[in-house]
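Q: Provided below for reference: sequence and predicted model.
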Amino acid sequence: MRADATRNLELVLRTGARLLADDPSASIAAIAAAAGVDRRTVYRRFASREDLLAAVYGARYDAVEEAIATARLREAPVAVALHRYVEGIIAVNRVWPVETSRMLAEESIRERRRRLIDEVDAFLRRATDEGLLRSDLPPGWVGSLLPPLMLHAAEELSELSAAQAADVVIDTLLRGVGAR
């Protein structure tokens, strides 16, 4: 793919993610206009709105997979891996704000999501086994708290860098919100 075509595709996908986050019924024409490309350019790449949606969701999952790989959840010290993971996911949530639950009816997306969740859950067990996280909490509790914390940080702490927002999330996760 030519460099300008790659750039346009990335622009369309990112713009699509942003518009679809605000309005899940956004049209291809609206996404093309907001991206500054001709709608025919978008239709040449995507035969239907559903194909464009699948590409946006796929790009988001690509970014999540990259954030997990970069965090080195299996190899890095748990505190380092946790920060890298949280920082990476906050960055993904900012660039790809679209809610992916609408795509969970598709088997390939469900399987991809399941693999990512399993990898993070294994890391959280490792963090518990190594003493970073409390072992007296119900199974899955930390795993259910972390995603909304990261999403909320991405949306509500926009004045902070992803690294600074990750500091807030991790401090909240590890120390809670009670007075010290």
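A: Right, received. Where do you want to start?
Q: Looks like Val42 contacts Ala30 (just checking).
A: No: with contact taken as C-beta atoms under 8 Å, Val42 and Ala30 are classed as non-touching, separated by 10.4 Å. In short, each C-beta sits where N, CA and C put it, glycine included.
Q: So between these two, which is more surrounded?
A: Regarding Val42 and Ala30, a neighbour count based on other C-beta atoms under 10 Å identifies Val42 as having more, with 23 against 16.
Q: what residues are up against the more buried one?
A: For Val42, the contacting residues are 12, 28, 31-32, 35, 52, by C-beta atoms under 8 Å, 6 or more residues apart in numbering.
Q: and these, which of them are in helices?
A: When DSSP state H defines the helices, the subset of the contacts of Val42 inside them is 12, 28, 31-32, 35, 52.
Q: does Val98 sit in a helix, a strand or a coil?
A: Classification of Val98 using DSSP: H, G, I helix; E, B strand; the rest coil returns coil.
Q: Next, count neighbours for Ala33.
A: Neighbouring residues of Ala33 were enumerated by other C-beta under 10 Å; the total is 15.
Q: my bad, Ala3
A: Neighbourhood size, Ala3 [other C-beta under 10 Å]: 7.
Q: Relative to Leu9, how far out is it?
A: In this structure, Ala3 and Leu9 are 11 Å apart, going by C-beta to C-beta, to the nearest Å.
Q: next one: Ala21
A: Here the distance between Ala21 and Leu9 works out to 19 Å (C-beta to C-beta).
Q: Comparing those two, which residue is more hemmed in?
A: The neighbour count for Ala21 versus Leu9, taken as other C-beta under 10 Å, is higher for Leu9 (19 against 16).
Q: name the element the more buried one belongs to?
A: helix 3-22 (DSSP states H and E).
Q: how many degrees apart are that helix and helix 28-35 in direction?
A: Relative orientation of helix 3-22 with respect to helix 28-35: 110 degrees, computed using axes from the mean of the first three to the mean of the last three C-alpha atoms, to 10 degrees.
Q: and helix 3-22, which residues are buried?
A: The neighbour-count criterion (16 or more other C-beta atoms under 10 Å) identifies 8-9, 11-21 as the buried residues of helix 3-22.
Q: what residue ranges in this structure score low on pLDDT?
A: Across the chain, the ranges flagged by pLDDT under 70 are 1, 100, 102-105, 179-180.
Q: Now do the strands in it.
A: For the chain, no strands are identified by DSSP state E.
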